[in-house]
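Peer 1: How does the following fold in three dimensions:
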Amino acid sequence: MKTAELIRNYIEKLPRGEPFTPMALLQHGTRKAVDMELSRLVKNGKIMRVARGVYVRPKENKYVGKVPPGAFEIAQIKAGPAGVKIALNGAEAALLFGLSTQVPVQPVYYTTGPSKRILFGNLPIRLRHISPRKLVAPGTNVGLAISALWYLGRKEVNTRVFEAIQQKLTKAEYAQLKASIPLMPAWMADKLRHYEKEIHNG
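Peer 2: As a prediction, this is how the structure comes out:
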């Protein structure tokens, strides 16, 4: 089977809307052959190039046509190899919990990998490196809560903040937040313990 056919067969098996990079295709041919076939498939409308080195077999919508993946999916695939963590930034997390009204002007994601700037169409996406200790339970509501607390900082975190977070989390998620105390900085852990004492005594 020729390289072009192997590449087409591989891509056709991918779920629509799932981005991929040329690296996933190098088992089927040289980088030059892969790039040539991807370019051909883009011209034929079979796939879309959504960012530098990122392609997708797009989902189809009868009203708007081809639907590209979201910014977070692009950021995930560009973040780096498996094991690199990525999550919404603290400002976005605080916004989701109703703790801030500041809307980021462009998508920014925290990552344990290197900082990067990605151009997604005309939309710039930023990957900002942070310490792994600040990225707890990425991809979960608990991780978002901790990220929001880091963003707000020692001076802004108070009882009202924890009340808002507790209201947004399920009982199981809030229990997980409390179980994450050993992973928090001392100031954050102390404030959560103080809040717990207040609601139990109150």
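Peer 1: what's next to stretch 86-105, contact-wise?
Peer 2: Contacts to stretch 86-105, defined as CB atoms under 8 Å, 6 or more residues apart in numbering, come from residues 72, 75-76, 79, 108-113, 127-128, 135, 138-139, 143-145, 147-148, 150-152, 161, 164-165, 168. For the C-beta atoms, the positions are set from N, CA and C on the backbone; glycine is no exception.
Peer 1: Where does residue 114 sit, in terms of helix or strand?
Peer 2: Per DSSP states H and E: residue 114 is located in neither a helix nor a strand.
Peer 1: Only whichever of the contacts of stretch 86-105 are buried, select them in ChimeraX.
Peer 2: A single ChimeraX command selects the buried members of these (16 or more other CB atoms under 10 Å):
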select :75,76,79,108,109,110,111,112,127,135,138,143,144,145,147,148,150,151,152,161,164,165,168
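Peer 1: Please narrow the contacts of stretch 86-105 to those residing in helices.
Peer 2: 72, 75-76, 79, 143-145, 147-148, 150-152, 161, 164-165, 168 (DSSP state H).
Peer 1: Residue 181: which of the residues you listed is nearest?
Peer 2: residue 145 (12.4 Å; CB to CB).
Peer 1: For that closest one, list the residues it contacts.
Peer 2: 93, 97, 165, 168, 169, 173, 177.
Peer 1: mind redoing it with 7 Å?
Peer 2: 97, 165, 169, 177 (CB atoms under 7 Å, 6 or more residues apart in numbering).
Peer 1: And the buried ones among those, selectable in ChimeraX?
Peer 2: Buried subset of the contacts of residue 145, written as a ChimeraX selection, criterion 16+ other CB under 10 Å:
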select :97,165,169,177
